[in-house]
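[1] quick check, what structure comes out for this input:
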Amino acid sequence: MTAFQPGPPFAAMRAPAADETPHVETRLAIGSILGFWVFYYVLNTARMAFVPSDPQLDALPRRAAVTVVGIALTLVMYAILRRLEGRSMRVLLTTAFLAAIPAAFAYAYVNFTAFYVVARTSSMMQELHDMRAKHESVMSVITESAVSWYFFIAAWGVLYVALSYAARVQGAERRAAAYRSEAQLAQLRALRYQINPHFLFNTLNSLSTLVLKQRTVEAERMIMNLSHFFRTSLTSDPAADVALSDEIGMQQLYLDIEKIRFPDRLAVQVDVPEDLEDARVPGMILQPLVENAIKHGVAKSNRPVTVTIRARANGGSFHLTVEDDADAGLRFPKPNGVGLANVRDRLATRFDGAASIAFGPREGGGFRADLTLPLLRDLA
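    Residues are numbered from 1 along each chain as shown. This next block holds a predicted model:
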């Protein structure tokens with residue numbers, strides 16, 4: 001069996017702050033803008049290909065330049081909306097609809113200039129002639145075009161608000177998951193730190209007796225073991241799993257302390273196959289069970305009692321057993337007692353129903369607790 005090594009102190013985890021505003025990813029926002037305008041460019045080019053009177057090759061560069069202007073105007077909208085992402089959805093939507101107005105007019109003006117003023121085609125000349133005949137002003141034509149473009153640009157704004165809402169939902173889910181994880185860790189730590197109080201008092205009383213009887217060698221050994229036990233249990237992460245060999249080593253250290261209290265009544269037997277030594281278990285999960293064996297078995301018996309820790313593999317799971325062969329008729333741990341409830345709750349919190357505990361008196365005397373856990377290996 002490998003030597004027991006103390007684990008590292010646990011690191012604090014930080015949950016996301018509630019005031020951290022989730023933003024739409026920049027890559028996603030810019031991709032949506034480019035997608036909108038590339039779609040316009042391709043669709044409009046395909047539509048104009050069916051107008052035989054105009055040389056389409058000459059219009060392609062101008063359409064591309066106008067498209068670039070549309071992208072730039074939408075990027076300005078994006079910059080405005082991004083600064084307001086911490087505000088309500090109503091504010092974002094209102095801003096998107098309002099910002100689309102000047103963007104649509106600016107785009108309509110650039111589009112009119114590119115196709116009706118610079119390098120006019122025959123069809124454009126005819127349209128200008130028809131406008132003059134109807135006494136339509138340039139501004140009215142730009143305004144009419146801006147109304148059509150307004151809905152196109154506003155549609156992108158609505159899309160961005162939807163993406164922002166999705167980012168908020170994802171951020172809330174991440175925070176909720178982080179808070180659940182923190183709550184689970186806090187629960188595991190609280191359960192872990194429920195152990196040991198009466199053990200400490202009993203050990204100190206025994207230590208005091210050894211000192212008064214001047215049994216200095218035993219007292220010194222107990223002090224060293226006690227120091228090692230508490231240093232390890234307090235510096236290891238209470239929410240972390242440990243190798244079974246380390247857990248067994250910790251319990252042997254505890255039992256060595258108890259052997260000084262009960263030198264003639266406590267015997268220990270450990271039966272753990274080598275192929276299970278790296279199985280992962282919650283740290284100190286056996287401690288309440290071993291404590292119960294000492295408190296309800298060894299301490300109350302008038303004859304030697306053997307405390308046995310056993311492990312056996314069973315496919316994808318394995319069984320851990322802690323039992324003693326104390327006298328029949330002794331008072332056994334209560335099913336709802338602190339120790340057994342502690343183990344049950346830790347298993348439920350850590351494995352979410354995939355682990356269990358069964359316990360009860362042994363035939364012929366003593367008490368037995370069986371743990372069934374998933375067989376997880378140490379990947380380090």
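[2] for the helix or strand hosting Thr203, buried residues please.
    Here Thr203, judged by DSSP states H and E, is contained in helix 197-212. Within helix 197-212, the residues that qualify as buried by neighbour count (16 or more other C-beta atoms under 10 Å) are 199, 202-203, 206-207, 210. Yep, even glycine has a C-beta here, placed from its N, CA and C like the rest.
[3] with just CA atoms, put that helix into PDB.
    Extracted in PDB, the C-alpha atoms of helix 197-212 (Å, rounded to 0.1, in the frame of the first residue of the first chain):
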ATOM      1  CA  PRO A 197     -15.100  17.000  17.700                       C
ATOM      2  CA  HIS A 198     -15.700  14.300  20.300                       C
ATOM      3  CA  PHE A 199     -12.600  12.400  19.000                       C
ATOM      4  CA  LEU A 200     -10.500  15.400  19.800                       C
ATOM      5  CA  PHE A 201     -11.900  15.800  23.300                       C
ATOM      6  CA  ASN A 202     -11.400  12.000  24.000                       C
ATOM      7  CA  THR A 203      -7.900  12.100  22.700                       C
ATOM      8  CA  LEU A 204      -6.900  15.200  24.800                       C
ATOM      9  CA  ASN A 205      -8.300  13.500  27.900                       C
ATOM     10  CA  SER A 206      -6.300  10.300  27.100                       C
ATOM     11  CA  LEU A 207      -3.300  12.500  26.500                       C
ATOM     12  CA  SER A 208      -3.700  14.200  29.800                       C
ATOM     13  CA  THR A 209      -3.900  10.800  31.500                       C
ATOM     14  CA  LEU A 210      -0.700   9.600  29.800                       C
ATOM     15  CA  VAL A 211       1.100  12.700  30.900                       C
ATOM     16  CA  LEU A 212      -0.100  12.400  34.500                       C
END
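[4] in the helix or strand following that helix, what's buried?
    Following helix 197-212 in sequence order, the next helix or strand is helix 216-235 (DSSP H and E). Within helix 216-235, the residues that qualify as buried by neighbour count (16+ other C-beta under 10 Å) are 218-219, 221-222, 225-226, 228-229, 232-233.
[5] got CSV for those, with pLDDT and distance to Ile101 too?
    Conversion of the buried residues of helix 216-235 to CSV gives the following (pLDDT from 0 to 100; distance: C-beta to C-beta, whole Å):
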residue, pLDDT, distance to Ile101
Glu218, 84, 89
Ala219, 85, 87
Arg221, 84, 85
Met222, 84, 83
Asn225, 82, 79
Leu226, 81, 77
His228, 81, 74
Phe229, 77, 73
Thr232, 72, 69
Ser233, 68, 67
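[6] need those residues in JSON lines with distance to Lys295, can you?
    Putting the buried residues of helix 216-235 into JSON lines (distance: C-beta to C-beta, whole Å) gives the following:
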{"residue": "Glu218", "distance to Lys295": "21"}
{"residue": "Ala219", "distance to Lys295": "22"}
{"residue": "Arg221", "distance to Lys295": "22"}
{"residue": "Met222", "distance to Lys295": "18"}
{"residue": "Asn225", "distance to Lys295": "18"}
{"residue": "Leu226", "distance to Lys295": "17"}
{"residue": "His228", "distance to Lys295": "22"}
{"residue": "Phe229", "distance to Lys295": "17"}
{"residue": "Thr232", "distance to Lys295": "21"}
{"residue": "Ser233", "distance to Lys295": "18"}
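[7] for the longest helix belonging to the chain, packing partners?
    Identified as the longest helix of the chain according to DSSP state H is helix 138-192. Helices and strands touching helix 138-192, by 3 or more C-beta pairs under 8 Å, 6 or more residues apart in numbering; DSSP states H and E, are helix 26-48, helix 56-83, helix 89-112, helix 338-351.
[8] stretch 302-314: which residues count as buried?
    305-311.
[9] show residues contacting that stretch.
    Stretch 302-314 has contacts (C-beta atoms under 8 Å, 6 or more residues apart in numbering) with 244, 248, 251, 255, 264-273, 275-276, 279, 286, 290, 293-294, 297-298, 318-327, 366, 372, 375.
[10] sketch out the low-pLDDT regions of the stretch 201-350 of the chain for me.
    Along the stretch 201-350 of the chain, the model assigns pLDDT under 70 to residues 233-239, 335-336.
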